[in-house]
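Asker: This is a predicted model, with the sequence first.
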Amino acid sequence: MLTAYLNIFVIFALMFLGYLLTWKKWFDNMIADTFSKLVLNFALPASMFLNITQKFSKDQFLHLFKGMLLPITSILVTFVISIIYAKLTKVPRSRQGTFETMFTASNTIFIGLPINLAIFGEVAVPYVLLYYICNTTFFWTIGVYLIATDSPGIKQSQIKFNFFTAIKQIFSPALLGFIVGLFWLLLGIPTPHFVKDFLGYLGDLTTPLSMLFIGTIVYFTGITNLKMNKDTFGVLLGRYLISPLVVLGLSYIIPIPPMMLKVFIIQSAMPVQNSVPILTRSYKADTEFSTTSLTYSVLLYLFIIPILLHFVF
């Protein structure tokens, strides 16, 4: 467990470096946006393709998809709990949708993938992606709709679900890299050595660029501007207690392999999605609440992860 925690500390050291370099004016919002695009559009798809085609056989991967029922169910159960919690604690209507989305959806790629790689190694990548598919589908459909309902002056009946936008977000380059890799694997096509080298170099950028990006986000949010309130505390409760407990509880009803369960528990207890503040700003919802919750969830994670490691090891 100590080795895993030290590996995670190294990951967070990259985040602190991103914060420091942003403070030193080396990085700005444009650089952060560039890092985000590089990871999502190049590094992550390359990593997904390479891991799927090189680490698994056809039979192993077909067996893998049987485990998708648990993350789907756990996310829906957590979402129902978030609605009940919001009503019981009287979360203001102006931030209710944002609250329920942050309570339910994890940061499964920018933080989730590097952390799982640090703890379990590359064997965890397919399990990470299974949770990512379920989590991302929820976030870019129900989650975006809920955030939109927080917008002042917008009636619920006026909000239209854009099917093509949702499909574009769900089928991100990372997921497409996974899908292409899956077909590559199922068809038994050999991958040329120079292609593996090229994709390997790209994939190795995923962790450092992701954590530098998170550090930049934390800096621009502003630590001095953080204000803890009952709603932010509720988000943290959902992220770090309720969500992993739901996964653990459902595992007694929906049995899955031990390694898959460990990855799902870690994935379910990730910080808030990076995209939430961007969406709240776009819909003119409660941006201060979303950015505060995101920053608290990222900063507290370094103290949360030892507790999670205690349960998964």
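Answerer: The structure has been received and is ready for your questions.

Asker: how about stretch 173-185: buried residues?
Answerer: Of all the residues in stretch 173-185, those buried under the rule 16 or more other CB atoms under 10 Å are Pro173, Ala174, Leu175, Gly177, Phe178, Gly181, Leu182, Leu185. Where C-beta positions appear, they are placed from N, C-alpha and C, glycine not excepted.

Asker: CA atoms only for that stretch - export them in CSV, please.
Answerer: The C-alpha coordinates for stretch 173-185 follow below in CSV (Å, rounded to 0.1, in the frame of the first residue of the first chain):
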residue,chain,number,x,y,z
PRO,A,173,-11.6,10.6,-29.3
ALA,A,174,-10.7,8.5,-26.2
LEU,A,175,-13.7,6.2,-26.7
LEU,A,176,-13.1,6.1,-30.4
GLY,A,177,-9.5,5.0,-29.7
PHE,A,178,-10.9,2.3,-27.6
ILE,A,179,-13.5,1.2,-30.2
VAL,A,180,-10.9,1.1,-33.0
GLY,A,181,-8.6,-0.9,-30.8
LEU,A,182,-11.4,-3.3,-29.9
PHE,A,183,-12.1,-4.0,-33.6
TRP,A,184,-8.4,-4.3,-34.3
LEU,A,185,-8.2,-6.9,-31.5
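
Asker: Okay, and which of the buried residues of stretch 173-185 map to helices?
Answerer: Secondary structure from DSSP state H places Pro173, Ala174, Leu175, Gly177, Phe178, Gly181, Leu182, Leu185 of the buried residues of stretch 173-185 in helices.

Asker: so the third one touches Leu130, yeah?
Answerer: No. Assessed by CB atoms under 8 Å, Leu175 is found out of contact with Leu130, at 11.2 Å.

Asker: Start from the N-terminal end of the stretch 1-150 of the chain and give the helices.
Answerer: Per DSSP state H, counting those that start in this stretch, the stretch 1-150 of the chain carries helices over the ranges 2-23, 29-38, 44-55, 58-64, 69-88, 96-104, 112-120, 125-138, 144-149.

Asker: Between those helices, which has the poorest mean confidence score?
Answerer: Ranked by mean pLDDT, those end with helix 58-64 at the bottom, a mean of 70.

Asker: mind checking pLDDT for Trp140?
Answerer: At Trp140 the predicted local confidence, pLDDT, stands at 79.
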